[in-house]
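Whatever this is, show me its structure:
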Amino acid sequence: MKLPALNALAALVVIGACSPAPPGASDAGAWVGTITTEGEVTTVVNESGSVWGGTAALVEEVSIGVEAGADPYMFGQVQSVWATEDRILVVDAQVPAVRVYDFAGQHLFDVGRGGQGPGEFDEPGAVAVTRDDDILVVEHSTQIEVFAPDGTPKATWNTGANFRIYTNEMLILGADDTPWVPELDFENRRFGFARIGADGKAGAPDYAPELEWQRRCLTYLENGREDDYCGIPFQPSSLNAMTPEGAWVVGTSDAYGFEIHKPDGSRLRVERYWTPVPVTAEEADYHERRTIEYVRERADNPAWTWNGPPIPDHKPAFVQFIPDRNGRIWVLREQPSRLSTDCLDDTPSAGSPRATGSTPSAPTAASWAPPPSIAGRPSARSSTTRRSSRSSPMMRARLW
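Okay, here's the model as predicted:
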């Protein structure tokens, strides 16, 4: 059964608050901070304000989706979104197909279909569009389907990657239009991306820089063997993302700071004021109960009890890095309640924030919804976003 999309596609931005700031610090006003360089490391400390002079809230203009109606307007399992100058492409793995819409929200056509032949897939994971308007669809890291601009199948690339990998970022289109697919080094526990050559084969992987970080986990027995579960809610973590330019964005979310490791060997360190967002007692209780239920099911042990560090009393500084195709890095962070809107910081490659934006609330069946994500090909002041769940709608945000 497909779940209906509720709203989405385009938005304007108005000035509004996003999250509390410490005394003397604010998202409003001109940017205040320091920039220092020592060797190959430049450090940008953002004390208050932004180069855009304020915060921004996203207000919807157009929606795609109906509670009941034509099939192309009901999203089932959205995996990926891409935006060109005049089209929005949405990967719906439940169809499975790539839905193509114009900026007025009208469905134009579908790309691909279910199956295992040319131009077919079982569960498409990501989509990208080249400068020649060819459409690339990756099902997993070992295979990419190539389509003409009108959706006609052109080629199938069997990349030769070592493993079938399923991640949040299944495909990166480089600044030179070269696709990259995820790659894992299981032996050394490293994650990276492999560049796809002209022959459709994956080259040597570029792995994310390693950070010193000790994960804190719960333990349980599965089939007589001790195993770890490290998904403790709101626990800080080590995060990374690769930009279309081939730089790595890395950081640990115990504080608002991250680094951009550029291909030329230089590094940009970004720091920003941050007020920790408390985890309420109700949130902690809800997530603890859900975690216990999950681990008990995983361990097949209804008597399992919590045996690790408690849920933190505040949320991490950020939860995701999202590079776009205009040299910006969106930093996804949270507000005081998972029921309210999440926050997106727009950070250009220079390291000082342009603005903070908040996304509109969306109805959800969960008590606390997961954060939204950014995808697509944003222009200098716009981006295409997806709300919390995979059946939620797309929204095109325009920053004024």
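
since we're on Ser48, how many residues are nearby?
By the measure other CB atoms under 10 Å, the count of residues near Ser48 is 18. Backbone N, C-alpha and C define where each C-beta goes, glycine included.

Is Arg289 located within a strand, as I assumed?
No - assessed with DSSP: H, G, I helix; E, B strand; the rest coil, Arg289 is helix; it does not lie in a strand.

can you pull the contacts of it?
Arg289 makes no contacts at all, as judged by CB atoms under 8 Å, 6 or more residues apart in numbering.

For it, give its distance to Pro309.
Distance of Arg289 to Pro309, given as CB to CB, to the nearest Å: 17 Å.

Over to Phe75?
Taking CB to CB as the measure, Phe75 and Pro309 are separated by 37 Å.

Could you report the neighbour count for Phe186?
By other CB under 10 Å, 8 other residues sit near Phe186.

how close does it get to Gly151?
As for Phe186, its distance to Gly151 is 36 Å (criterion: CB to CB).

before we move on, the earlier item: more crowded one of Phe75 and Pro309?
Using other CB under 10 Å, the more surrounded residue of Phe75 and Pro309 is Phe75, with 26 against 11.

for Tyr294, helix, strand, or coil?
Applying three-state DSSP: Tyr294 is helix.

In terms of helix, strand or coil, where does the residue lying closest to Ile311 once chain neighbours are set aside fall?
Distance criterion CB to CB, 6 or more residues apart in numbering; nearest residue to Ile311, sequence neighbours excluded, is Ala284 at 4.7 Å. The three-state assignment at Ala284 reads helix, by three-state DSSP.

Do I have it right that Ala284 meets Trp306?
No - taking CB atoms under 8 Å as the definition, Ala284 is not a contact partner of Trp306, at 11.5 Å.

In terms of neighbours, single out the busier of the two.
Higher neighbour count among Ala284 and Trp306: Ala284, with 17 against 13, using other CB under 10 Å.

all strands of the stretch 151-300 of the chain, in order?
Taking DSSP state E, counting those that start in this stretch as the test, the strands found in the stretch 151-300 of the chain are 153-158, 172-173, 179-185, 190-196, 202-207, 218-222, 225-229, 238-242, 248-252, 257-261, 267-272.

In a markdown table: those, plus mean neighbour count, distance to Asn46 and mean pLDDT.
Shown next, in a markdown table, are the strands of the stretch 151-300 of the chain (neighbours: other CB atoms under 10 Å; distance: least, CB to CB, whole Å; pLDDT from 0 to 100):
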| stretch | mean neighbour count | distance to Asn46 | mean pLDDT |
| --- | --- | --- | --- |
| strand 153-158 | 15 | 41 | 90 |
| strand 172-173 | 20 | 27 | 90 |
| strand 179-185 | 22 | 29 | 87 |
| strand 190-196 | 20 | 28 | 89 |
| strand 202-207 | 17 | 28 | 90 |
| strand 218-222 | 16 | 35 | 93 |
| strand 225-229 | 11 | 35 | 94 |
| strand 238-242 | 21 | 18 | 94 |
| strand 248-252 | 21 | 14 | 96 |
| strand 257-261 | 22 | 10 | 96 |
| strand 267-272 | 21 | 4 | 95 |
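
Of these, give the one that comes closest to Asp86.
Closest approach to Asp86 among the strands of the stretch 151-300 of the chain (CB to CB): strand 172-173, 17.7 Å.

which neighbours does the closest one have in its sheet, and in what orientation?
Paired with strand 172-173 in the same sheet, following DSSP bridges, are strand 179-185 (antiparallel).

So which residues of the chain form helices?
Taking DSSP state H, the helices of the chain run over residues 281-299.

So this structure: which segments form each domain?
Per the record, the chain has its domains at 21-61+208-365, 76-207, by automatic domain parsing.

for those domains, which one sits closest to Gly69?
Smallest distance to Gly69 across the domains of the chain (CB to CB): 11.1 Å, for domain 76-207.

Would you mind measuring the gap between the ends of the closest one?
Terminal residues of domain 76-207 are spaced 33 Å apart (CA to CA, to the nearest Å).

do stretch 319-336 as well
Span of stretch 319-336 from end to end, CA to CA: 14 Å.

go on, stretch 262-280?
Using CA to CA, the two ends of stretch 262-280 sit 39 Å apart.

now that stretch, how far from the centre of its chain.
Relative to the chain's own centre, stretch 262-280 is displaced by 16 Å; criterion: CA atoms, centre = their mean, to the nearest Å.

now stretch 36-54
24 Å.

Which positions in it come out as buried?
Within stretch 36-54, the residues scored as buried using 16 or more other CB atoms under 10 Å are Thr42, Thr43, Val44, Val45, Asn46, Ser48, Gly49, Ser50, Trp52, Gly54.

What is the nearest of the residues you listed to Gly197?
For those, the minimum distance to Gly197 (CB to CB) is 32.7 Å, reached by Thr42.
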